[in-house]
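Asks: 3D, please:
(one chain, ligands or ions: 1)
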Amino acid sequence: MTEPLYSLSISRLAPLLSRGEVSPVEVTEQLLDRIRRRNGELNAYLTVDETGARAQARDAEARLRREEATPLTGIPLALKDVLVTQGLRTTCASKILENFVPPYDATVCARLRQAGAVFLGKVNMDEFAMGSSTENSAFGPTLNPWHREHIPGGSSGGSAAAVAADLCIASLGSDTGGSIRQPASHCGVVGLKPTYGRVSRYGLVAYASSLDQIGPLTKEVRDAALLLQAIAGFDAKDSTSVPTPVPDYLEVLGQEIRGLKVGVPREYFGHGLDKEVEAAVQGALKTLASLGAELVEVSLPHTEYAVATYYVVAVAEASSNLARYDGVKYGLRAEGRNLLEMYAHTRTLGFGAEVRRRIMLGTYALSAGYYEAYYQKALQVRTLIRRDFEAAFEQCALLAAPVAPTPAFRLGEKVADPLTMYLSDIFTISANLAGIPGLSVPCGFSSLGLPIGLQLLGPPFGEAVLLQTASAFEQATDFHRRKAPF
Ligand code: GLN
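Replies: Below is the predicted model:
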């Protein structure tokens, strides 16, 4: 084979591992070497666990020899640094957790460990997953491997960049308002946000608990199906995880989409949508039609309220979730003359500007006298947004739309203006408010050579139809084959 091992997908690497043609130790060493040499150019990894990865790779090798392997045995992965890992520093890209070493594994990490995966390390993100560009990391931004003057998207920017730059075989991210799909779109990889409750959130450091979900970022659609298969399912440790049986996500891959009704939401194609993004997405719709899908126009009339609704619900939950960083339980502690001063010093020093802004906004929205006007109102609009989707899915099996209104913007471009940053989430946040699954698959490039993603949205627990459609689209196109010039 001429391609280096690090450039392979899970689906291409797994057969080589299971036939014993390559060893997990060899793949892991190649990746560790590449990370050592190239991570500095992108700042994708915050922590590289050479010792742990080597040990896991050796275990995987033994297991492959005993023929007790799964398709993930020996596959080197990168984990977003919001997933707690036993004995391995987990920072959430925040100074407040800079030296935090969790005593347990998130359920997704435990499941992947059991499946025999190898953890290369923890990747960069916006602090506490708050952001759309990875510029809110306390440890410096991650750069887009397609164009290093541009952001990789966020908040799972490290995950997306690491996959696109072949610094891992695949990765996990989290998505509260688009944080898997948008960086996947900006880095030209596949990203899947599962239905709320499909994947256990145990050990996912909470941002907005009613919106957060964990999901894969991968080099091809089949890999996303493989990772979802391994992490999905009920977990007694997360009361919001759902006992609905996990279907076989691989079975649907390769099935044709003839006759499938694909809804095109009118509100996702209005003004503000970049011309090149629009052209790429329209081209993708044509491809779906040429594969036999039936396109139907649908309406999601409350879309215009989504950003306002999300930025009340998310910040309210964040202000409550982040109250635990008080300098006492864990993480940073900055002393003061009394308890209150210690809290204030710790939180002022430990949190970055965006996190502080959101805590203040959320505390305000939840405070007596404003609760009804903001938080309760937002919950009511959230219901309307969910009903929009329910009505749409009576007319179609899934929806197709852009992921983000523009390709990856330039570093620094939106830092000074949080509102324009928030507006860039317009097409992704509704899925979190409604709890439905969403996927981003590469569908084109801008004139600057920046990737553009197509977003597919499904009804609750409709991950299979998203994977089926994305896989049919992928097989009919070759956007996913183009590699970042890194
Ligand atoms: N950009 C959105 C936010 O800042 C979404 C982030 C996410 O999904 N974690 O809240």
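
Asks: show me what contacts A60?
Replies: Contacts here follow Cβ atoms under 8 Å, 6 or more residues apart in numbering; on that basis A60 touches 17, 24, 69, 73-74, 116-118. In short, each C-beta sits where N, CA and C put it, glycine included.

Asks: any idea how far the residue lying farthest from the centre of the chain lies from the ligand?
Replies: Here the chain reaches farthest from its C-alpha mean at R337, the gap being 41.3 Å by Cα atoms, centre = their mean. Using Cβ to the nearest ligand atom, to the nearest Å, R337 is found at 35 Å from the ligand.

Asks: before we move on, back to that, pLDDT check: weakest of the contacts of A60?
Replies: The lowest pLDDT within the contacts of A60 belongs to A69, with 93.

Asks: list the buried residues for the lowest-mean-pLDDT helix or strand in the chain?
Replies: Among the helices and strands of the chain, helix 418-423 carries the lowest confidence by mean pLDDT, DSSP states H and E, at a mean of 91. Going by neighbour count (16 or more other Cβ atoms under 10 Å), the buried part of helix 418-423 is 418, 421-422.

Asks: now tabulate the residues you listed in a markdown table and tack on distance to D166.
Replies: As requested, those are arranged in a markdown table below (distance: Cβ to Cβ, whole Å):
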| residue | distance to D166 |
| --- | --- |
| P418 | 33 |
| M421 | 29 |
| Y422 | 32 |
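
Asks: how about the residues of the stretch 151-300 of the chain by the ligand?
Replies: Within reach of the ligand by Cβ under 6 Å from any ligand atom, the stretch 151-300 of the chain has these residues: 155, 175-179, 207.

Asks: identify the residues contacting A138.
Replies: Counted by Cβ under 8 Å, 6+ apart, A138 has contacts 91, 93-95, 98, 127, 352.

Asks: tell me the SS of it?
Replies: coil (DSSP: H, G, I helix; E, B strand; the rest coil).

Asks: repeat for T363
Replies: helix.

Asks: was I right to think L8 contacts A170?
Replies: No - applying Cβ atoms under 8 Å as the test, L8 and A170 come out as separate, 10.2 Å apart.

Asks: between these two, which contacts overlap?
Replies: Counting by Cβ under 8 Å, 6+ apart, the residues touching both L8 and A170 are K219.

Asks: out of the contacts of A60, list just those in strands.
Replies: Members of the contacts of A60 lying in strands (criterion: DSSP state E): V118.

Asks: can you put the contacts of A60 in CSV and add neighbour count and distance to the ligand?
Replies: Shown next, in CSV, are the contacts of A60 (neighbours: other Cβ atoms under 10 Å; distance: Cβ to the nearest ligand atom, whole Å):
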residue, neighbour count, distance to the ligand
L17, 25, 32
P24, 28, 31
A69, 19, 33
T73, 21, 30
G74, 31, 30
G116, 25, 29
A117, 28, 23
V118, 30, 26
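
Asks: from the contacts of A60, which two are the most distant?
Replies: The distance between the two most remote of the contacts of A60 (Cβ to Cβ) is 12.5 Å, for A69 and V118.

Asks: below-threshold pLDDT in the chain: ranges please.
Replies: 1 (pLDDT under 70).

Asks: I'd like the next helix or strand past the lengthiest helix in it.
Replies: Counting residues, the longest helix found in the chain (DSSP state H) is helix 24-42. Note on helix 24-42: by DSSP states H and E, the next helix or strand toward the C-terminus is strand 45-48.

Asks: in its sheet, which strands sit next to that next one, and in what direction?
Replies: If you go by DSSP bridges, strand 45-48 pairs up with strand 118-123 (antiparallel).

Asks: what's the angle from the partner strand to helix 24-42?
Replies: 10 degrees (axes from the mean of the first three to the mean of the last three Cα atoms, to 10 degrees).

Asks: ok now strand 118-123, how far from the chain's centre?
Replies: Strand 118-123 sits 15 Å away from the centroid of its parent chain (Cα atoms, centre = their mean, to the nearest Å).

Asks: restrict it to CA atoms and write it as CSV.
Replies: C-alpha atoms of strand 118-123 as CSV (Å, rounded to 0.1, in the frame of the first residue of the first chain):
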residue,chain,number,x,y,z
VAL,A,118,-6.6,3.4,21.4
PHE,A,119,-6.8,6.9,22.9
LEU,A,120,-4.0,9.2,21.4
GLY,A,121,-5.0,12.1,23.6
LYS,A,122,-7.4,15.0,24.3
VAL,A,123,-8.1,17.6,21.7
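
Asks: can you give me the end-to-end distance of stretch 403-420?
Replies: Chord length of stretch 403-420, first to last residue, is 16 Å (Cα to Cα, to the nearest Å).

Asks: which of the residues in that stretch are buried?
Replies: So, applying 16+ other Cβ under 10 Å, buried residues of stretch 403-420: 403-409, 411, 413-415, 418.

Asks: what of stretch 393-403?
Replies: 393, 396-403.

Asks: tally up the residues packed near K275, please.
Replies: 10 (other Cβ atoms under 10 Å).

Asks: picking that back up, could the residues of the stretch 151-300 of the chain next to the ligand go into JSON lines alongside distance to A284 and neighbour count?
Replies: Formatted as JSON lines, these follow (distance: Cβ to Cβ, whole Å; neighbours: other Cβ atoms under 10 Å):
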{"residue": "S155", "distance to A284": "25", "neighbour count": "34"}
{"residue": "D175", "distance to A284": "21", "neighbour count": "30"}
{"residue": "T176", "distance to A284": "25", "neighbour count": "30"}
{"residue": "G177", "distance to A284": "23", "neighbour count": "29"}
{"residue": "G178", "distance to A284": "18", "neighbour count": "32"}
{"residue": "S179", "distance to A284": "22", "neighbour count": "36"}
{"residue": "Y207", "distance to A284": "30", "neighbour count": "27"}
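
Asks: mind checking which of those residues are in strands?
Replies: Reading strands off these with DSSP E, I get D175.

Asks: for the residues of the stretch 151-300 of the chain next to the ligand, which one is nearest D105?
Replies: Y207 (19.3 Å).

Asks: that closest one reaches A316, doesn't it?
Replies: No - Y207 is not in contact with A316 according to Cβ under 8 Å; the separation is 11.6 Å.

Asks: which residues do the two both contact?
Replies: Joint contacts of Y207 and A316 (Cβ under 8 Å, 6+ apart) do not exist.

Asks: related to what we said a few turns ago, off-centre distance for the longest helix of the chain?
Replies: 22 Å.

Asks: report all helices and strands that it contacts.
Replies: For helix 24-42, the packing partners by 3 or more Cβ pairs under 8 Å, 6 or more residues apart in numbering; DSSP states H and E come out as helix 10-18, strand 45-48, helix 50-65, strand 76-80, strand 118-123.

Asks: how about the residues of the stretch 301-450 of the chain near the ligand?
Replies: The stretch 301-450 of the chain comes close to the ligand at residues 314, 425, as judged by Cβ under 6 Å from any ligand atom.

Asks: ok, now with 8 Å
Replies: Contacts of the stretch 301-450 of the chain with the ligand, taken as Cβ under 8 Å from any ligand atom, map to 310-311, 314, 354, 358, 421-422, 424-425, 428-429, 432.
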